[in-house]
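>>> Kindly return the folded structure for what I paste below:
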Amino acid sequence: MQTGLNNRCAGLRAPQGTLIRGQAAAAVVPCSRPARRVQIVARAADANLHSGNSSQSFDEQHDSSSSSSGKCPFLAALPAPPPAQNAWWRRLQQLFSPADYQKEALGPHSVVAAPAQMMMPPQYVLGTADMVKTAFAGEAEGLTTVAPSGLMSSRSLLGDQSLLMLPEPQHKYLRNLIMPAFTNEAIERLVPRMEAVLQRYLDAWADAGAPVKAHNELRHMTFEFIVAVVLGRDYPEATISRLSGLYTTWAGGLLAWPFIDLPWTPFGKAVAAKQQLLDFFQAAVDEARLQLAAGHAVPGILGSLVSAVDEQGNRLTDAQLGDNLLLIMLAGHDTSSTTLTNVMADLQSNPRVVERLRQEQQAVVAKHGSRITGAILKEMTYADAVIRETLRLHNVVSGLMRQAAKDFELGGYSVPKGTVLYLPVTHVGLQDPRFLEQHPEAYAPERFMTPEGQKPGAQMPFGHGPRFCAGYAVAMAEMKVFLALLARGYDFDADTNTQWRQEIGRVPANGLPMTVSRRPAAVVAGAAPAAAARR
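Numbers count the residues shown, from 1 in each chain. Below is the predicted model:
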């Protein structure tokens with residue numbers, strides 16, 4: 001279908017930056033009167049932003065429906081996508097084996113229509129990176145919006161003021177206030193605390209003299225790390241243990257179907273745990289505000305958040321702080337620990353990769369000494385590639401949802417307003433055309449070291465568009481510091497003979513038992529050949 005035919009509908013236009021069908025990308029042609037383009041800044045006057053009132057639906061806040069002018073004949077003539085290929089009894093794979101579900105559902109198609117199933121509404125599954133990026137980025141154009149109301153369990157546990165839940169323009173306003181906590185300068189200040197926490201855990205594993213369960217230990221490590229860098233202080237072990245238990249109960253509720261809020265149900269317990277976490281955060285927020293009022297610097301990410309101010313002098317509210325401290329904990333804990341667990345398994349199976357990591361660290365130490373800074377982390381390009389290759393094969397977030405905010409065309413199919421769009425980031429990442437001719441099933445970090453490999457391509461482990469993960473740089477810094485310390489000072493041997501199951505990401509059924517030992521000082525300094533991981 002040619003662009004000229006697309007334009008037969010009055011007022012039909014593609015959002016800025018969107019390629020029309022026939023131009024080697026997914027077509028997106030909304031059917032509505034021309035939308036006004038509004039520059040949104042972090043002003044409290046915009047759409048009652050500072051009040052945090054997000055109870056209105058997207059449609060109440062944005063009059064972008066095409067219903068007022070009738071159905072566009074062009075869109076009405078377009079077909080709906082073909083049905084998903086899965087047999088009905090295999091559709092629960094979406095929860096327990098998402099990569100297999102995504103591949104089987106799509107079959108040879110670029111888009112399919114999947115029926116409703118437990119915990120999931122009817123949805124269009126998008127099968128190409130261009131389409132997924134369009135759905136991600138379309139929110140800025142009023143084309144798509146956040147997760148559908150059918151997933152109210154997420155809203156109950158994440159909170160109305162979570163960046164994941166807010167529609168535009170509230171999302172953009174709040175993100176603009178939060179982002180200074182994640183600048184390069186802010187992360188530079190966090191690196192010493194990162195290094196101290198991670199070094200302590202590596203030493204403890206080496207001192208254990210027996211195998212440790214890597215997945216459990218990495219979860220403890222990343223939890224203590226995220227508490228320390230977010231709140232800007234160390235806490236006693238008893239406090240960390242209590243918070244970890246509350247966090248585990250709360251996070252477990254995100255998948256605790258049925259979502260019934262009664263005191264004895266997993267979901268009800270998660271709601272109660274959330275409130276206790278919020279109470280703890282509120283005490284930290286109150287103390288930070290007192291320190292700020294007294295003219296003292298407040299450390300950690302919390303210090304940046306309580307200091308943030310908009311053009312009208314407004315600061316983040318208790319609800320905005322609490323809900324997004326929970327989100328930062330979720331993003332900085334489970335995702336990092338699961339990724340590092342998979343990294344350790346991948347390294348165990350690929351000793352040549354461990355060898356190259358060691359060589360990179362020897363070069364870094366020879367140039368800069370043993371200290372680690374944000375600037376030095378940027379020179380660890382192979383460590384960066386190792387993390388990206390693990391995320392390519394074992395993405396923690398297998399898929400996300402968006403909802404059509406208006407009628408539009410996508411890849412030759414009609415997408416009615418209100419349609420739920422499932423974005424299978426794992427599938428499109430595995431189908432990245434840059435790597436299909438390079439043994440895509442193999443573990444090869446080098447693929448991300450080439451000029452072409454350094455481009456985003458179809459890889460979206462941290463999302464895309466206006467909701468790209470705010471804490472991306474913190475997560476990458478944490479994982480690179482861990483790999484640097486591991487490669488410099490330790491040998492390891494992990495038991496990868498296990499089944500893997502789907503939780504928040506892919507986790508080992510055996511917990512990944514691992515022995516850790518210190519390396520000779522001469523080897524760490526680069527005076528002797530580096531050894532691969534012990535087999």
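
>>> what's near enough to touch the closest residue to G471 other than its chain neighbours?
In this structure, G471 finds its nearest non-sequential neighbour in A331, 5.0 Å apart by Cβ to Cβ, 6 or more residues apart in numbering. The C-beta positions use only the backbone N, C-alpha and C, and glycine is treated the same way. When contacts are counted by Cβ atoms under 8 Å, 6 or more residues apart in numbering, A331 touches C469, A470, G471, A475.

>>> My assumption is that the second one lies in a strand; please confirm.
So the one you mean is A470. No. Read with DSSP: H, G, I helix; E, B strand; the rest coil, A470 is coil and lies in no strand.

>>> Does it touch M179 like I think?
Yes. Using Cβ atoms under 8 Å, A470 is in contact with M179, at 6.2 Å.

>>> more neighbours, those two?
Here A470 and M179 are compared on neighbour count by other Cβ atoms under 10 Å; more neighbours surround A470, at 20 against 14.

>>> Against E217, how distant is the more buried one?
Per Cβ to Cβ, to the nearest Å, A470 is found 27 Å from E217.

>>> next one: Q459
28 Å.

>>> cool, and G457?
Distance of G457 to E217, given as Cβ to Cβ: 33 Å.

>>> before we move on, what about G374?
Separation of G374 from E217 (Cβ to Cβ) stands at 26 Å.

>>> Comparing these two, which residue is more hemmed in?
Each of G374 and E217 has its neighbours counted (other Cβ under 10 Å); E217 has more, 22 against 16.

>>> what helix or strand is the more buried one on?
Assigned by DSSP states H and E, E217 belongs to helix 214-231.

>>> hang on, F492 in a strand?
Yes. Looking at F492 with three-state DSSP, it is inside a strand.

>>> what sits against the residue nearest to it when sequence neighbours are not counted?
Spatially, and ignoring its direct neighbours in sequence, F492 is nearest to V516 (5.0 Å; Cβ to Cβ, 6+ apart). Taking Cβ under 8 Å, 6+ apart as the criterion, V516 is in contact with L202, W205, A206, A208, V212, Y490, D491, F492.

>>> Among these, the buried ones, what's the ChimeraX command?
Listed next is the ChimeraX selection for buried residues among these, using 16 or more other Cβ atoms under 10 Å:
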select :202,205,206,212,490,491,492
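
>>> Just the CA coordinates for stretch 182-189, please, in CSV.
This file holds the C-alpha atoms of stretch 182-189, laid out as CSV (Å, rounded to 0.1, in the frame of the first residue of the first chain):
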residue,chain,number,x,y,z
PHE,A,182,21.1,9.4,37.8
THR,A,183,23.5,11.7,36.0
ASN,A,184,27.1,10.8,35.4
GLU,A,185,28.2,13.0,38.3
ALA,A,186,25.6,11.4,40.7
ILE,A,187,26.8,7.9,39.7
GLU,A,188,30.4,9.0,40.2
ARG,A,189,29.6,9.7,43.9
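
>>> which other residues reach it?
Contacts with stretch 182-189, where a contact means Cβ under 8 Å, 6+ apart, come from 180, 299, 301, 304, 373-375, 470-474, 477.

>>> Filter these down to the buried ones.
Buried members of the contacts of stretch 182-189, counted by 16+ other Cβ under 10 Å: P299, I301, S304, G374, A470, G471, A473, V474, A477.

>>> farthest pair in those?
Among the buried ones among the contacts of stretch 182-189, the pair separated by the greatest distance (Cβ to Cβ) is P299 and A470, at 19.1 Å.

>>> Pass me the low-pLDDT residue ranges in the protein, would you?
Counting by pLDDT under 70, the chain contains low-confidence ranges at 1-71, 88-96, 118-119, 147-153, 257-258, 522-535.

>>> tell me the contacts of the most centrally placed residue in it?
Central residue of the chain (Cα atoms, centre = their mean): F462, 4.1 Å from the mean position. F462 is in contact with F468, C469, Y472, A475, counting by Cβ under 8 Å, 6+ apart.

>>> Same question for R488.
Listed by Cβ under 8 Å, 6+ apart, the contact set of R488 reads R358, Q361, V365, S370, R519, V524.

>>> Just the buried ones among those, please.
Here, 16+ other Cβ under 10 Å leaves R358, Q361, V365, R519, V524 buried among the contacts of R488.

>>> Now distance to A273 and secondary structure too, for those residues, in a markdown table please.
Output for the buried ones among the contacts of R488, formatted as a markdown table (distance: Cβ to Cβ, whole Å; DSSP: H, G, I helix; E, B strand; the rest coil):
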| residue | distance to A273 | secondary structure |
| --- | --- | --- |
| R358 | 41 | helix |
| Q361 | 39 | helix |
| V365 | 43 | helix |
| R519 | 40 | coil |
| V524 | 42 | helix |
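
>>> Closest to L347 out of the residues you listed?
Nearest to L347 among the buried ones among the contacts of R488, with distances taken as Cβ to Cβ, is R358, at 10.9 Å.

>>> Now do that closest one against R488, distance only.
On the measure of Cβ to Cβ, R358 and R488 end up 8 Å apart.

>>> Then V420?
To R488, V420 is 47 Å away according to Cβ to Cβ.

>>> Helix, strand, or coil at the closest residue to H368 other than its chain neighbours?
Excluding its sequence neighbours, the residue lying closest to H368 (Cβ to Cβ, 6+ apart) is I376, at 5.3 Å. In terms of secondary structure, I376 is helix; the call rests on three-state DSSP.

>>> how far does the longest helix seen in the chain sit from the chain's center?
The longest helix of the chain (DSSP state H) is helix 318-349. The chain centre lies 8 Å from the centre of helix 318-349; the measure is Cα atoms, centre = their mean, to the nearest Å.

>>> count of residues packed around the residue nearest to H368?
I376: 18 surrounding residues under other Cβ under 10 Å.

>>> Strands of the protein, start to end?
Taking DSSP state E, the strands of the chain run over residues 28-30, 111-114, 123-126, 144-145, 212-213, 400-404, 408-410, 413-415, 420-423, 490-494, 500-503, 505-508, 513-518.

>>> okay, those strands in CSV with distance to L75 next?
Below are those laid out as CSV (distance: least, Cβ to Cβ, whole Å):
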stretch, distance to L75
strand 28-30, 8
strand 111-114, 15
strand 123-126, 14
strand 144-145, 16
strand 212-213, 54
strand 400-404, 11
strand 408-410, 6
strand 413-415, 5
strand 420-423, 16
strand 490-494, 53
strand 500-503, 37
strand 505-508, 38
strand 513-518, 55
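
>>> Out of these, flag the one nearest R193.
Closest approach to R193 among those (Cβ to Cβ): strand 490-494, 20.4 Å.

>>> elements contacting that closest one?
Strand 490-494 is packed against helix 184-208, helix 318-349, strand 513-518, with contacts defined by 3 or more Cβ pairs under 8 Å, 6 or more residues apart in numbering; DSSP states H and E.

>>> Turn those into a markdown table, columns for distance to P79.
Converted to a markdown table, those look like this (distance: least, Cβ to Cβ, whole Å):
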| stretch | distance to P79 |
| --- | --- |
| helix 184-208 | 48 |
| helix 318-349 | 38 |
| strand 513-518 | 52 |
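
>>> ranking these by burial, who's on top?
Among those, helix 318-349 has the highest mean neighbour count (mean count of other Cβ atoms under 10 Å), at a mean of 23.

>>> how big is the angle separating that one from strand 490-494?
Per axes from the mean of the first three to the mean of the last three Cα atoms, to 10 degrees, the angle that helix 318-349 makes with strand 490-494 is 80 degrees.
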